[in-house]
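Peer 1: Everything below, folded, please.
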Amino acid sequence: MLMPSIFSRDLFEEVFDPRFFGYGYQDNGLMKADVKETENCYELSIDLPGVKKEDLKAELKDGYLTIGATVNQDKDEQDSKGRYIRRERFSGSFNRSFYVGESVKQEEIKARFKDGTLTMVVPKKDKAPQVEEKKYIAIEG
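Peer 2: Numbers count the residues shown, from 1 in each chain. Predicted coordinates for the structure are as follows:
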């Protein structure tokens, strides 16, 4: 390794951590999703720790189901004299999108939020077979 390291970590790893610039929220444990396919539907289970129900938003547009959340968290720890030992804040918004098809209607999607987990049931829609329309050319004569 060319860069000096402490405990097998690169000296600049924390300074240039991608999460510092707003990337890598999934590495942080935010919005990890499980998608389960059943015979009639897809079941999405999304972990949203620290998110309140009123801070969630789900939207269906152009065949994409987008789930968004806004988080404002404060964590304070003080010693006996009231001096700060650590102050951490996280404030931001994030979202995930899933393509569910353009034939799925908003009212057909069921959603439930309990214990920091959003569960959504999206029905499977078979693509309607397109009937080939026969067009004839008029022949004069």
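Peer 1: CA only for contacts and neighbour counts going forward, please
Peer 2: Will do.
Peer 1: Tell me, please, where in this protein the pLDDT is lower than the cut-off.
Peer 2: 1-30, 73-80, 87, 127-131, 141 (pLDDT under 70).
Peer 1: so where do the strands sit in it?
Peer 2: Applying DSSP state E to the chain gives strands spanning 5-6, 9-10, 33-37, 41-47, 56-61, 64-78, 84-99, 110-114, 117-123.
Peer 1: Give the buried residues for the longest one.
Peer 2: So that's strand 84-99. Buried residues in strand 84-99, counted by 16 or more other CA atoms under 10 Å: none are found.
Peer 1: Over to the fourth one?
Peer 2: Neighbour-count burial for strand 41-47 flags 42, 43, 44, 45, 46, 47 (criterion: 16+ other CA under 10 Å).
Peer 1: try the fifth one
Peer 2: Of the residues in strand 56-61, those buried by neighbour count under the rule 16+ other CA under 10 Å are 56, 58, 60.
Peer 1: For that strand, C-alpha coordinates in CSV please.
Peer 2: These are the backbone C-alpha positions of strand 56-61, laid out as CSV (Å, rounded to 0.1, in the frame of the first residue of the first chain):
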residue,chain,number,x,y,z
LEU,A,56,-42.6,8.8,3.6
LYS,A,57,-43.9,9.4,0.1
ALA,A,58,-44.7,6.8,-2.6
GLU,A,59,-45.5,7.8,-6.2
LEU,A,60,-46.4,5.8,-9.3
LYS,A,61,-45.6,7.6,-12.6
